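K.L.:
model the structure of this input:
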Amino acid sequence: MKINKYVYLLYNCLFLILMAGFSACKHDDYTVKKSNENIRLAGDFLKNNYDYTLFYAALDYTGILPQLNEKGPFTVLAPNNKAFIELGIQSAADIKKLNRDSLKQAMALHIISRSLRQSDVPVNTVNVEYQSLAGVPVYVSFGTKNPANPDEYEWTSVLYFNGSRATRKDVQLVNGILHSLDKVMKRYPGKGVQQWLSDRPAYSIFVSGLKKFGLWDELAGKGPFTIFAPNNQAFTNMGISKADIDALDPGKYIGPRLFGAYIQYEKRYFLSDLNAFSFINNQNTYENFTRNGNSYFKWYAYGATHTISLADRKEFPSVGYGQSIIELATMGYRMDNLCDNGTVQDLPELLVTPGQALKK
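P.N.:
Predicted coordinates for the structure are as follows:
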């Protein structure tokens, strides 16, 4: 009995020692950090993500795709499929109908040649430049209501790239970072705002007015300019034709009001800048006197609706000339046209008519 008792105690001790050893091993296995198999190279990530099939097809067609599986680091600004569909591109077949060289330049704009997290962008800044693979800068705006922790809630911060909002941010890649965009960024390399307008018949009446009143030539300069350009339909809706503009006597009208009011000088604005300002300083309005101080320009944003208006003065009682309403839900694809020396925004309505710009 005594021997059996000792044997029993020995077995118990051995069992406890073995169990302790097994527990230690199990604990060690549990705490070992394994690589995350879900983190992939940029090209592989896009290939295996349904949200970016059109972006992937564009990168593949233009020959950029293999580069995204190289060392990097890269920041990939990935427009989702909806962003391409908004432009009328619904399939890989549609992409292959596009000019390959032009598309390559456009897609290279969506790759920043460094790793850029949201936290790397200076807090509460607008249009900070970062170089893209296209050889031109991307303008990044970051506004937050909580600089100490901008990611606490989604609604406390906004991040924009050339006016396109990052709807999904800081996706980790093996060779960089990815941000998902709600719009395809538009850039017209080698063209200023003057050439951009001249190339588009939809703005021919506006162009005629700029030329008539001596405002055209300076748009070939360095800038930057932000032009809110009324399209031909805006003039037609008011019963004004190109022949009517050509017949105007410049000596009888205030040109800086009639056509100059649509130009913001020394400024490059995307529509999203107002949303960024609302986070930065709680102001979703931009306003100032037009050049020569003859009228007052006001740009107001409420959600996805932007209102541009013109009046004779800032102070009450002011006389309003007119306003134009931009609904991003239906017009977003016509906005934020980035050129070498500024941006062009489409306006569906006139701010002022010739009769409101007559010299007294």
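K.L.:
quick check: domain ranges of the chain?
P.N.:
Per the record, the chain has its domains at 1-33, 42-181, 187-357, by automatic domain parsing.
K.L.:
can you put the ones you listed in a markdown table and add mean pLDDT and mean neighbour count?
P.N.:
All C-beta spots, glycine's among them, are computed from the backbone N, C-alpha and C. Shown next, in a markdown table, are the domains of the chain (pLDDT from 0 to 100; neighbours: other Cβ atoms under 10 Å):
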| stretch | mean pLDDT | mean neighbour count |
| --- | --- | --- |
| domain 1-33 | 38 | 9 |
| domain 42-181 | 93 | 18 |
| domain 187-357 | 94 | 18 |
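K.L.:
output the longest strand belonging to the chain.
P.N.:
When the chain is parsed with DSSP state E, its longest strand is strand 164-173.
K.L.:
and the angle for the very next helix or strand once past that strand with strand 164-173?
P.N.:
For strand 164-173, the following helix or strand on the C-terminal side (DSSP states H and E) is strand 176-181. Note on geometry: by axes from the mean of the first three to the mean of the last three Cα atoms, to 10 degrees, strand 176-181 and strand 164-173 are set 150 degrees apart in direction.
K.L.:
and the following helix or strand past strand 176-181, how far out from the chain's middle?
P.N.:
Next along the chain after strand 176-181, taking DSSP H and E as the criterion, comes strand 187-188. Here strand 187-188 shows a centroid-to-chain-centroid distance of 13 Å under the convention Cα atoms, centre = their mean, to the nearest Å.
K.L.:
now stretch 43-63
P.N.:
The answer for stretch 43-63 is 20 Å, by Cα atoms, centre = their mean.
K.L.:
and the gap between Tyr286 and Trp299?
P.N.:
Distance, Tyr286 to Trp299, by Cβ to Cβ, to the nearest Å: 5 Å.
K.L.:
er, Gly332 I mean
P.N.:
Gly332 sits 16 Å away from Trp299, taking Cβ to Cβ as the criterion.
K.L.:
over to Asn146?
P.N.:
Taking Cβ to Cβ, one finds Asn146 at 26 Å from Trp299.
K.L.:
picking that back up, residues in contact with the longest strand of the chain?
P.N.:
The contact list for strand 164-173 (Cβ atoms under 8 Å, 6 or more residues apart in numbering) reads 39-42, 45, 72, 74, 76-77, 79-80, 83, 117-119, 158-160, 177-185, 272, 336.
K.L.:
could you dump it to CSV, C-alpha only?
P.N.:
Taking C-alpha atoms only, strand 164-173 is exported to CSV below (Å, rounded to 0.1, in the frame of the first residue of the first chain):
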residue,chain,number,x,y,z
SER,A,164,-12.7,63.0,-54.9
ARG,A,165,-13.6,61.8,-51.5
ALA,A,166,-11.9,58.8,-49.8
THR,A,167,-14.7,56.6,-48.7
ARG,A,168,-12.5,53.9,-47.4
LYS,A,169,-9.1,55.0,-46.0
ASP,A,170,-5.8,53.5,-45.0
VAL,A,171,-6.2,50.0,-46.4
GLN,A,172,-2.9,48.2,-45.6
LEU,A,173,-1.0,46.7,-48.6
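K.L.:
pull up the pairing partners for it, direction included.
P.N.:
Here strand 164-173 is paired, per DSSP bridges, with strand 157-161 (antiparallel), strand 176-181 (antiparallel).
K.L.:
what ranges do the strands span in the stretch 201-350 of the chain?
P.N.:
Secondary structure of the stretch 201-350 of the chain by DSSP state E, counting those that start in this stretch: the strands cover 225-230, 263-265, 285-289, 296-302, 305-311, 320-327, 337-339, 342-347.
K.L.:
so which of those is nearest Asp60?
P.N.:
Among these, strand 337-339 comes nearest to Asp60, with 24.8 Å by Cβ to Cβ.
K.L.:
what is that closest one packed up against?
P.N.:
Contact here means 3 or more Cβ pairs under 8 Å, 6 or more residues apart in numbering; DSSP states H and E; on that basis strand 337-339 packs against strand 187-188, helix 193-198, strand 342-347.
K.L.:
format these as TSV; extra columns: distance to Gln264.
P.N.:
Output for those, formatted as TSV (distance: least, Cβ to Cβ, whole Å):
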stretch	distance to Gln264
strand 187-188	18
helix 193-198	11
strand 342-347	9
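K.L.:
out of these, which is closest to Thr307?
P.N.:
When the helices and strands packed on strand 337-339 are compared by Cβ to Cβ, strand 342-347 sits nearest Thr307, at 11.0 Å.
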